[in-house]
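Asks: Predicted model, plus sequence, below.
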Amino acid sequence: EDQVTQSPEALRLQEGESSSLNCSYTVSGLRGLFWYRQDPGKGPEFLFTLYSAGEEKEKERLKATLTKKESFLHITAPKPEDSATYLCAVRGNTGNQFYFGTGTSLTVIP
Amino acid sequence: DAGITQSPRHKVTETGTPVTLRCHQTENHRYMYWYRQDPGHGLRLIHYSYGVKDTDKGEVSDGYSVSRSKTEDFLLTLESATSSQTSVYFCAIRGAQTGDNSPLHFGNGTRLTVT
């Protein structure tokens, strides 16, 4: 069965302190790995799609990378407005379902 | 926003009553999904639709039914609400694009409390 595990569950950073979030996955034929940001009381907001090992995507202070077993979301010089829960999801070859991890709650302290 | 409206945004209901949640999209997307989000479990798929009148079950479908009579509307019904169905419910949509690797786009959720 397709499965996603995210770590750490929670992360507190000082403003400007760079770090990475991890998403480990098992899937029968990866059709896409997806990163989302979720703010309290809101739905997840799409950030990136990665399709194949070695691929990288960037948006402002965020960079997502992909290997055959895991993905990293690197946050460079974070700001307080980057505080949110970051979710990872995968879609495999077996159908239209997306499988989500439980997320990493990021807090950036001024 | 991805043109998704969920209603109601909040609902409190009693155990044993039927409840219907509505998802409306203005994107004309083919695929629509219902997820529930609970602490420690993340987002779990309840049902999804791949076209009008075409639906399939997800991993937590027991106690739920869905209907899609128009492209723009996807209804989730709790036939007889139980306290274990207290949750935040999210609707998501996905367009069928070249390569069919398009992401999900989510509404802002319905917070349901069953007392």
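Replies: Okay, I see it.
Asks: Give the helix, strand or coil label for the residue of chain A found nearest chain B.
Replies: Proximity of chain A to chain B (CB to the nearest CB) peaks at A:Gly43, 3.4 Å away. Just so you know, the C-beta spots here come from the backbone N, C-alpha and C atoms, and that holds for glycine as well. At A:Gly43 the chain is in coil, as set by DSSP: H, G, I helix; E, B strand; the rest coil.
Asks: longest strand anywhere in chain B?
Replies: Longest strand in chain B, counting residues (DSSP state E): strand B:42-51.
Asks: which residues does B:Phe74 contact?
Replies: Under the criterion of CB atoms under 8 Å, 6 or more residues apart in numbering or on different chains, the contact partners of B:Phe74 comprise B:22-23, B:25, B:32, B:34, B:49, B:66-68, B:91.
Asks: Mind doing that once more with 7 Å?
Replies: Contacts for B:Phe74 (CB atoms under 7 Å, 6 or more residues apart in numbering or on different chains) come out as B:23, B:32, B:34, B:49, B:66, B:68, B:91.
Asks: Okay, strands next: where are they in chain A?
Replies: A:3-7, A:10-14, A:19-26, A:30-38, A:45-50, A:56-59, A:62-66, A:70-75, A:84-92, A:99-100, A:104-109.
Asks: Turn those into CSV, columns for distance to chain B and mean pLDDT.
Replies: Shown next, in CSV, are the strands of chain A (distance: least, CB to the nearest CB, whole Å; pLDDT from 0 to 100):
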stretch, distance to chain B, mean pLDDT
strand A:3-7, 8, 96
strand A:10-14, 12, 98
strand A:19-26, 12, 97
strand A:30-38, 5, 95
strand A:45-50, 5, 96
strand A:56-59, 12, 96
strand A:62-66, 13, 98
strand A:70-75, 14, 98
strand A:84-92, 7, 96
strand A:99-100, 4, 95
strand A:104-109, 11, 98
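Asks: Is it possible to get TSV of these that adds distance to B:Thr13?
Replies: As requested, the strands of chain A are exported to TSV (distance: least, CB to CB, whole Å):
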stretch	distance to B:Thr13
strand A:3-7	31
strand A:10-14	32
strand A:19-26	35
strand A:30-38	25
strand A:45-50	29
strand A:56-59	40
strand A:62-66	39
strand A:70-75	37
strand A:84-92	27
strand A:99-100	26
strand A:104-109	29
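Asks: circling back: between all of the contacts of B:Phe74, which two are separated the most?
Replies: By the measure CB to CB, B:Arg68 and B:Cys91 form the most distant pair in the contacts of B:Phe74, at 11.4 Å.
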